[in-house]
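Asker: Pasting the sequence and the predicted model now:
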Amino acid sequence: MKITFVGTSHGVPEKNRYCTCIMLESGGAIYFIDAGAPIVDFLVNNGKSVNDLRAVFTTHVHSDHTIGVLHLVNLMNWYYKRSSADIFITEQEHIDATVRWTYTAGDGNMDEERIRFKVPQAGCVYSDENIKVEYIPVAHMKNSYAILVTEGDKRVLFGGDLSHGLKKRDVPSVITEEIDGFVCELAHFTIDELTPYLEECHAKRLFFIHAKPARYSDVDGIRGKYYFEVLTHHDGETFEI
Ligand SMILES: [Zn+2]
Ligand SMILES: [Zn+2]
């Protein structure tokens, strides 16, 4: 599985930083975890085809994780007519609004056979010949989730956004298992607040995103402290697992 960190900003775009958006590539297919960046622009700029997109999995409906869906769906509907994808959004109201917008913009046409909206529930929501995707509830907001992606014997947790100060103790317990990576935000809590969970973390790598630059500097304080690799990511960086 190849992971590309398309957007790594902290909830508000910064110079050369989009909000949370991660592209996964597996078996020639493309998937996105969150859509806080213009997905189609990114695919075009990187020589990828919208027709290879299989699914978009969003963790919650805050716009820094979902705004790219609207543009993607509009273009899939009227321009990329051979494209076909499952689009997971955690609130039916947001799906209804996106369908309505696309329908109106498309002169009354909305191809819901190619563009398949789904409201995810806790548990396995998707599987194909490449990956399996499981939604794990967190307490960032109503209907918010972390996402566990499995490819063969590899597993990576995408943490989504978690509770302020981690006061709701919502770091998914799967990090205590030997998963291959944990992609962790760092906007709603400090490294100190995360430390008790890191003590029990058995992920092989920790990827930090969704953080202000000062929080990335704080990460330097834990480099080398744990056996797992600690990485801070900027837009466009990739990692192969
Ligand atoms: Zn966010
Ligand atoms: Zn959020």
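Answerer: Thanks, I have it. Residues are numbered from 1 along each chain as shown. Ligands and ions are numbered 1, 2, ... in the order given.

Asker: By neighbour count, which bits of stretch 43-53 are buried? Give me those.
Answerer: Using 16 or more other CB atoms under 10 Å as the test for burial, stretch 43-53 gives 43, 48, 50, 53. Where C-beta positions appear, they are placed from N, C-alpha and C, glycine not excepted.

Asker: Format those as a markdown table; extra columns: distance to R205, pLDDT and secondary structure.
Answerer: Shown next, in a markdown table, are those (distance: CB to CB, whole Å; pLDDT from 0 to 100; DSSP: H, G, I helix; E, B strand; the rest coil):
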| residue | distance to R205 | pLDDT | secondary structure |
| --- | --- | --- | --- |
| L43 | 26 | 98 | helix |
| K48 | 24 | 98 | coil |
| V50 | 30 | 98 | helix |
| L53 | 26 | 98 | strand |
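
Asker: Next, format the residues you listed as CSV and append distance to ligand 1.
Answerer: CSV is the format used below for the buried residues of stretch 43-53 (distance: CB to the ion, whole Å):
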residue, distance to ligand 1
L43, 22
K48, 24
V50, 25
L53, 22
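
Asker: helix or strand right after the least confident helix or strand in the chain by mean pLDDT?
Answerer: In the chain, the helix or strand scored least confidently by mean pLDDT, DSSP states H and E is helix 213-219, which has a mean of 90. Later in the chain than helix 213-219, the nearest helix or strand by DSSP states H and E is strand 229-232.

Asker: can you pull the buried residues of that following strand?
Answerer: Buried residues in strand 229-232 (16+ other CB under 10 Å): 230-232.

Asker: how about the residues of this structure that lie near ligand 2?
Answerer: Within reach of ligand 2 by CB under 5 Å from the ion, the chain has these residues: 62, 161.

Asker: Tell me which residue is most central in the chain.
Answerer: I33 (2.7 Å; CA atoms, centre = their mean).

Asker: Can I get whichever helix or strand it is part of in PDB, CA atoms only?
Answerer: Using DSSP H and E, the element containing I33 is strand 29-35. Below are the C-alpha coordinates for strand 29-35, written out as PDB (Å, rounded to 0.1, in the frame of the first residue of the first chain):
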ATOM      1  CA  ALA A  29      -6.600   1.300  -7.600                       C
ATOM      2  CA  ILE A  30      -6.900   4.600  -5.800                       C
ATOM      3  CA  TYR A  31      -8.600   5.400  -2.600                       C
ATOM      4  CA  PHE A  32      -8.800   8.500  -0.400                       C
ATOM      5  CA  ILE A  33      -9.100   8.800   3.300                       C
ATOM      6  CA  ASP A  34     -10.600  12.200   4.000                       C
ATOM      7  CA  ALA A  35     -11.100  14.900   1.400                       C
END
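
Asker: just checking, what packs against it?
Answerer: If you count contacts as 3 or more CB pairs under 8 Å, 6 or more residues apart in numbering; DSSP states H and E, strand 29-35 packs onto strand 21-26, strand 53-57, helix 63-78, strand 144-151.

Asker: Within the sheet, what are the partner strands of that strand, with directions?
Answerer: Using DSSP bridges, the strands paired with strand 29-35 are strand 21-26 (antiparallel), strand 53-57 (parallel).

Asker: dump the residue contacts of the closest residue to C201 other than its chain neighbours.
Answerer: Excluding the flanking residues, the one nearest C201 by CB to CB, 6 or more residues apart in numbering is I175, at 4.7 Å. By CB atoms under 8 Å, 6 or more residues apart in numbering, the contact set of I175 is 157, 182, 197, 200-203.

Asker: Would you list the buried entries among those residues?
Answerer: For those, buried by 16+ other CB under 10 Å: 157, 182, 197, 201, 203.

Asker: Sounds good, over and out.
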